[in-house]
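>>> Curious how this folds, go ahead:
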Amino acid sequence: MNLCEKLIEMGGKPSGAPGRLLGRLMNLGHREAYVWGLAQLPMKPDSVVLDIGCGGGAALKLLAVMVSKGRVWGIDHSWEMVNLARQVNKRFIEGGQVAVDHGSVSDLPYADEMFDVVTAFETIEFWPSLSEDLKEVRRVLKPGGQLLVVNRHPEQERDSKWTESLQIRTSGEYRERLGAEGYVDISVDDRSRPGWIAVLARKT
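Take a look at the predicted model:
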């Protein structure tokens with residue numbers, strides 16, 4: 001396994017001291033992408049939000065500020081990331097506004113129709129069963145609730161090892177896969193931030 005493949009594997013489930021370091025680096029390096037992606041989504045102050053694959057918790061912190069009268073959950077299948085996200089969001093957790101859980105997108109430990117918004121930042125390529133997992137996300141969304149997916153979109157790097165790891169590689173594929181699982185009003189921004197894509201879809 002070469003270095004690129006090791007980094008891809010580590011990104012999917014950070015562990016140990018390297019995982020903790022990677023989580024902190026992602027918190028710093030991805031902040032602008034988080035801000036850009038969240039700007040795509042009109043968020044009400046009292047929204048109930050879930051961030052899937054919350055990593056080191058930087059996006060949770062931004063969400064907590066945006067929904068000052070709501071509640072934010074984060075979930076990650078890496079205990080290293082759960083612990084880091086809890087540390088980063090300690091003040092919001094103590095205030096009862098944020099909760100961080102350990103678990104998988106394939107079996108979300110939440111009630112049906114619980115969330116107004118679900119976000120997924122650079123995680124969808126690691127979902128074990130994309131079609132079934134999109135259905136599981138749809139289950140926990142309220143009617144009219146929205147899914148925001150923000151991911152790298154390297155149009156100029158189609159032959160890279162990282163690009164090969166992506167489950168969805170084109171804007172058309174995002175529309176097709178989300179539409180097939182019952183999402184509607186699918187909008188795509190793959191222009192305003194080169195190398196990134198933001199996809200917004202609604203549950204009927």
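>>> Is Asn83 in a helix, a strand, or coil?
Using DSSP: H, G, I helix; E, B strand; the rest coil, the structure places Asn83 in helix.
>>> What pLDDT is listed against it?
With respect to pLDDT, Asn83 scores 93.
>>> How much space separates it from Gly57?
Going from Asn83 to Gly57 by C-beta to C-beta, to the nearest Å gives 10 Å. For glycine as for every other residue, the C-beta is placed from the backbone atoms N, C-alpha and C.
>>> So which of these two has more stuff around it?
Gly57 (30 against 17; other C-beta atoms under 10 Å).
>>> The more buried one against Val88, yeah?
Yes - under the criterion of C-beta atoms under 8 Å, Gly57 makes contact with Val88 at 3.9 Å.
>>> Show the residue spans covered by the helices in this structure.
3-12, 16-29, 31-38, 58-66, 79-88, 90-94, 130-140, 161-165, 171-180 (DSSP state H).
>>> Can you measure across stretch 107-126, start residue to end residue?
End-to-end distance for stretch 107-126: 14 Å, by C-alpha to C-alpha, to the nearest Å.
>>> Which positions within that stretch qualify as buried?
108, 110, 114-126 (16 or more other C-beta atoms under 10 Å).
>>> Return the closest of those with respect to Gly74.
Thr119 (9.4 Å; C-beta to C-beta).
>>> Show me what Val149 bridges to in the sheet.
Ala120, Val199 (DSSP bridges).
>>> Verify the stated contact: it with Ala198.
Yes - counting by C-beta under 8 Å, Val149 touches Ala198, with 7.3 Å between them.
>>> and Arg91, how many neighbours does it have?
11.
>>> ditto for Arg152
Count around Arg152 with other C-beta under 10 Å applied: 15.
>>> if I pick it, what's in contact with it?
Going by C-beta atoms under 8 Å, 6 or more residues apart in numbering, Arg152 touches Glu122, Trp162, Leu166, Gly195, Trp196, Ile197.
>>> Just the buried ones from those residues?
By 16+ other C-beta under 10 Å, those give Glu122, Leu166, Trp196, Ile197 as buried.
>>> that older thread, cross the contacts of Arg152 against strands and list the overlap.
Here DSSP state E is the test, and the contacts of Arg152 give Trp196, Ile197 as lying in strands.
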